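A.B. asks: take this sequence and fold it.
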Amino acid sequence: MLKTLYISDLDGTLLDSRASVSDTTVRVLNELISSGGYFSFATARTAVTAVPLTEKININVPVVLMNGVCVYDTEKKEYVKTEHIPDKSFEEMNSVLKKFSLSGFLFTINNGALETYYENLDSESARKFYTERKQRYGKAFLQTDDFMRCADRNAVYFSVTDRKEKLESVYSLMKNISGLHIDFYRDVYNDEFWYMEVSSAAASKYNAVMFIREKYGFGRVVGFGDNLNDIPLFRACDETYAVENARPEVKEAASGIIPSNTDNGVAVKICELLKKPL
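C.D. replies: Purely as a prediction, here's the structure:
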């Protein structure tokens, strides 16, 4: 039997509408793992928020963070693989942000430690992101007057949330910068806002999952997702399943459709594949 990895996106897929993992899903995944199976996740989140949200699951394979920027070992609390934004690409990205007076959050990984920088909290979405992560997760933020001051700190990821019409022009310029990978998609918790997430062109859920399957010897990978940034994840898998609440493009790319994230879709499908009752 092929060594199989089950890997799921978090928001909109494994997590319910309250950004929590249901007791049913926790039980099913821990039973899978205790019986010799393997489970991991691939998310746009950082370890600061993703690890606490999944702490009840006995995850036994390194996870994919920031849309493939990092592969992170949750047991050892260390980065197994990291992709940095090339210096020239970083300068061009910052120039576009300045042109549109757009600020967001810049993530760096220096000496194995993640740091999060911001220039201002002028937008509603930035204030919400900052407040939620400080209050719910105790996340630390550092302020700078210019992201270019962080150029020597190994920038790995930039994220901004705002209304689609405000980000579209920025995205149209940013996507032409050599050396960058950009995800641009609707917020699963608020239809009025969109995410634009920037990383190295070498960083993607596809590359990160391929790294995991090769390094840890998985002959079969089964993936679960809901949003556009999960399509690269699907390309690295042998079987793929979109939750009922997924974007149409994701459903089209999937092997099959499963119940929604609020109906334990991932757990239901894993039980079905293993021929076990929920």
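A.B. asks: element containing residue 26?
C.D. replies: Secondary structure assigned from DSSP states H and E places residue 26 in helix 23-34.
A.B. asks: how about the CA coordinates for the helix or strand just after that helix, as CSV?
C.D. replies: Secondary structure here is assigned by DSSP H and E; on that basis, the next helix or strand after helix 23-34 toward the C-terminus is strand 38-41. These are the backbone C-alpha positions of strand 38-41, laid out as CSV (Å, rounded to 0.1, in the frame of the first residue of the first chain):
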residue,chain,number,x,y,z
TYR,A,38,-0.4,11.0,8.0
PHE,A,39,-2.0,14.4,8.0
SER,A,40,-0.8,18.0,7.3
PHE,A,41,-2.2,21.3,6.2
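A.B. asks: chain center to strand 38-41, what's the gap?
C.D. replies: Computed by C-alpha atoms, centre = their mean, to the nearest Å, the separation of strand 38-41 from the middle of its chain amounts to 14 Å.
A.B. asks: quick one: contacts of that strand?
C.D. replies: When contacts are taken as C-beta atoms under 8 Å, 6 or more residues apart in numbering, the neighbours of strand 38-41 outside the stretch itself are 3-10, 14, 29, 32-33, 50, 54, 57, 59-64, 212, 218. Using the backbone N, CA and C atoms, a C-beta is placed for each residue, glycine as well.
A.B. asks: ok, stretch 80-92 next?
C.D. replies: By C-beta under 8 Å, 6+ apart, the residues outside stretch 80-92 that reach it are 62, 68-73, 93, 109, 148, 151, 154-158, 177-180, 198-203, 207-208, 211, 215.
A.B. asks: give the buried residues for it.
C.D. replies: Applying a neighbour-count criterion of 16 or more other C-beta atoms under 10 Å, the buried positions in stretch 80-92 are 80-86, 89-90, 92.
A.B. asks: what about the residues you listed, which are in helices?
C.D. replies: Using DSSP state H, the members of the buried residues of stretch 80-92 that fall in helices are 89-90, 92.
A.B. asks: out of those residues, the closest to residue 222 would be?
C.D. replies: residue 89 (33.5 Å; C-beta to C-beta).
A.B. asks: thinking again about what came up before, of the contacts of stretch 80-92, just the buried ones, ChimeraX syntax please.
C.D. replies: Typed into ChimeraX, the line below selects the buried ones among the contacts of stretch 80-92, using 16+ other C-beta under 10 Å:
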select :62,68,69,70,71,72,93,109,154,155,156,157,158,177,180,198,199,200,201,203,207,208,211
